[in-house]
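A structural model of the following input is requested.
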Amino acid sequence: MTADAAADLSGFTGFSSSAQSMSLVAFSAVATLTLLLCVMAGPDRDDLDEFYTGYGSLSPLRNGLAIAGDYISAATVLGTSGVIALSGYDGVVLALSTALSLMLLMFLLAEPLRNAGRFTMGDALARRMPGRSVRITTCAVTIASLLPLMLVQLAGTGQLMAFILGFSNESLKTGCVVGLGALMISYAAIGGMKGTALIQILKIVMLVGSGAVIAVLILRRFDWDPGALFGAAARQSGAGPAFLHSGLEFAGHPRARLDMITSELTIVLGGACLPHITMRTYTASSARQVRRSLSWAVSIVALFVLVITVIGFGATALVGRGAIAAADPQGNTAYLLGSRAAFGAGVSTAETFLFTMVTTAIFLTLLASVAGMILACANSLAHDVFAARVQEMPARREMTLARLSALAIGVPTILLATMVQEYSLQPLVTLSFCLGASALAPALVYGLFWRRYTRSGLMGTLLGGSLTVLLLMPGTNLVSGSPVSAFPHADFNWFPFTTTGIVSIPAGFLFGWLGTVVSGRRKAEEQRRQYEAVEGWILAGAVRRGG
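Here you go, the predicted structure:
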C-alpha cells in the first residue's frame, strides 16, 4: 500500500484525533501486556523442555488456540480477505484451502511428528538419519521458508500504523517496523514456547471475537440474508455473476484452471508443513493431546474462514471492488474497510471502540505471528546447528544460544523489512508456501513413512526442492509482468504461473526418490532396518525419546 493510499484510507475512516489516540493507547497497552505475559510465562530456570515446549503443559483447548494463532497470520487475515473481496468465489476457495491444510496436518503428520521429534523439525528428520548435515540443512530450509513471511508481517506494521494513525511519513513507518521488530525478538527470547503461546491465545481470541461481531453487523445490514449479501457484492464487483463463480482471480492467465489448482495445492501442502506450525506438535504431552489440540485448531480456523468470507463480501458490497482495489491493488485493506463500512455513515463512540478492537487484534496478529516464526528459526539454529556440534551441551548454554539466535534472526529481518515496504509483498508469501510444499512436505512424508529413504534422498529433497522454487519464483506472475506484481514496470515473466508448485512439488518428491535410488540397494536396506527400529515410536508413539 502506498503512502497516498494510506492517507486516503485514513480519510475514509473518518475518525477524529481522539479516535486515533484511542488506537495508539490500545496498541501501547497490548504491547505492554503481551511483553509482561512473556516475562511471567517465560522459563524461570535453565530447562530446555520448558523453553522449547513449555513442558507440554497447555490443555488441548489452549494448545489448539495457540496452533490456530500461529496458523492465522496477518498475511492470512489481510491477504485472504482481500482476495475474497476482489475475486469472490476464488477467494473463498483459497480460504477453505487454508483450513484443509490444517486438516492435512492433523490426520497425516501431527502424531508421527510429535513422536519422532523433540524440539525441532531437525529432531524429527534426524531420528532415523542422525548427523549434522541433516540438521544444518533442515535449519537452512526452516529459515528460508519463514524469512519471507516474517518480512511481510514486519513490513505490514508500518502500513497498519499509517492507516490507523493517519501518518504517511516514511521515517515514522520505518521507526514502527524497527520498534515492533525489537518487541517481537523480546517475545521469542524471553517467553520461549509458553510465552509465545499465551500471546497467540490472546491474539486468536481477540481476532475471532472482534471479527465475528463485525460479520454479524454486516449480516444485519442485509437483513440476515447471505444471499442478499452475495448479490450486492456481485453487483458492486463490476464483474456481475462471474464474481460468484470460479475463474475471476486467474482470468486472463494462460492455463488459468491449472494455475488455480496448483495454487491451492501449494497452500494445502505448504501451510501444513511450515516449521512454526509443526513445532506446536511438540508441545502436546501425548498423541491423544495432539489430536484434540488440532481438532480445536481446525474448528477455530474454520470459524475464522467463515468470518473473513462475510467481511470480504461485505467490503465489496458496501465499499465497492473499485474502491478496494484503488486503496491497495492486492486488497489488503479490505478487512479494515469492510469493518469500518459495517457501522454505516455515522460512527458512535461504541462503534469507534469496536473498530479499535478490530485494528488492535490485527496489530496483535502482526506481533504474535512474527514472534512465533522468530522462535521457530531461533530454536532450529540453536538446537540443530550450535548444540549439535558437541556431544552434551549444558542446558544453560543452549538456552543462551537460543536467545542470541532470536537476536541473530530478528535483526537482519528488521533491516530487510525496512527495505521492502514499498513493494508488493505477495511474492514473499507465496515463496514461503512454495518452499513448505516443495521441500519440507516431501521430506516429512518420506522421512516419516518411507522405510528405504536415505540421507542422500533427504538432502536431495531439501536442497533440490528449495533450489527449484528459488530458480522458478522470479519468473512467476507475482514478480513481474502485471500492474499488481512486485516489479510492475518490468516483464521477465517466463514462468506464467502464480506459484512454482506445478514443477517444484513433483521435483521435491522426485529428488528424494532419485537420491535414495542413487544411494544403492545396500544403503537403502540399512535405512530400512534403522527405520524399523524406530517405526513403533514414530507411528504409534510407543516411546517418546529425547534428543
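
Quick check: pLDDT value at M473.
In this model, M473 is scored at 93, pLDDT.

repeat for C176
Value for C176, per-residue pLDDT: 83.

For the helix or strand encompassing it, give me every contacting residue.
Assigned by DSSP states H and E, C176 belongs to helix 170-186. Under the contact criterion CB atoms under 8 Å, 6 or more residues apart in numbering, helix 170-186 has outside partners 3, 31, 35, 38, 154-155, 157-159, 161-162, 167, 366-367, 370-371, 374, 406-407, 410-411, 413-414, 417-418, 421. Where C-beta positions appear, they are placed from N, C-alpha and C, glycine not excepted.

what's the answer for stretch 366-375, then?
Outside stretch 366-375, the residues touching it (CB under 8 Å, 6+ apart) are 30-31, 34, 69-70, 73-75, 146, 149-150, 153-154, 156-157, 160, 180-181, 183-185, 187-188, 191-193, 196, 199-200, 202-203, 276, 279, 406, 409-410, 413.

Next, the angle from the helix or strand just after the helix holding C176 to helix 170-186.
Downstream of helix 170-186, the next assigned helix or strand under DSSP H and E is helix 192-221. Interaxial angle of helix 192-221 relative to helix 170-186 (axes from the mean of the first three to the mean of the last three CA atoms, to 10 degrees): 130 degrees.

Going forward, count from 256.
All right, first residue 256 from here; so that's helix 447-476.

With only the CA atoms kept, save the helix or strand that helix 447-476 is followed by in PDB.
Downstream of helix 447-476, the next assigned helix or strand under DSSP H and E is helix 481-492. Output in PDB follows, covering the C-alpha atoms of helix 481-492 (Å, rounded to 0.1, in the frame of the first residue of the first chain):
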ATOM      1  CA  PRO A 481     -26.500 -14.200   3.000                       C
ATOM      2  CA  GLY A 482     -28.000 -14.300  -0.500                       C
ATOM      3  CA  ALA A 483     -28.700 -10.600  -0.400                       C
ATOM      4  CA  LEU A 484     -25.100 -10.000   0.700                       C
ATOM      5  CA  PHE A 485     -23.600 -12.100  -2.100                       C
ATOM      6  CA  GLY A 486     -25.900 -10.500  -4.700                       C
ATOM      7  CA  ALA A 487     -25.000  -7.000  -3.600                       C
ATOM      8  CA  ALA A 488     -21.300  -7.900  -3.700                       C
ATOM      9  CA  ALA A 489     -21.600  -9.300  -7.200                       C
ATOM     10  CA  ARG A 490     -23.300  -6.000  -8.300                       C
ATOM     11  CA  GLN A 491     -20.600  -3.900  -6.700                       C
ATOM     12  CA  SER A 492     -17.800  -6.000  -8.000                       C
END
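
tell me the mean pLDDT over helix 481-492?
Mean predicted confidence for helix 481-492 is 91.

Just the buried positions in whatever helix or strand comes next after that helix, please.
Reading on from helix 481-492 to the C-terminus, the next helix or strand found by DSSP H and E is helix 511-528. Using 16 or more other CB atoms under 10 Å as the test for burial, helix 511-528 gives 511, 514-515, 517-528.

residues touching S687, list them.
Counting by CB under 8 Å, 6+ apart, S687 touches 400-401, 403-404, 525, 529.

So which of those is the closest to P682?
P403 (8.1 Å; CB to CB).

Where does pLDDT dip in the stretch 406-555 of the chain?
The model of the stretch 406-555 of the chain has pLDDT under 70 over residues 418-419, 421, 506-509.

Kindly recompute the last result at 50.
Scanning the stretch 406-555 of the chain for pLDDT under 50 picks out no residues.

Same question for the chain.
The chain contains residues with pLDDT under 50 at 256-271, 798-802.

I'd say A661 and A443 touch.
Yes: under the criterion of CB atoms under 8 Å, A661 makes contact with A443 at 4.4 Å.

what do the two both touch?
629-630, 633.

residues making contact with stretch 758-765?
Outside stretch 758-765, the residues touching it (CB under 8 Å, 6+ apart) are 520-521, 524, 689, 692-694, 696-698, 700-701, 716, 719-720, 723-724, 727.
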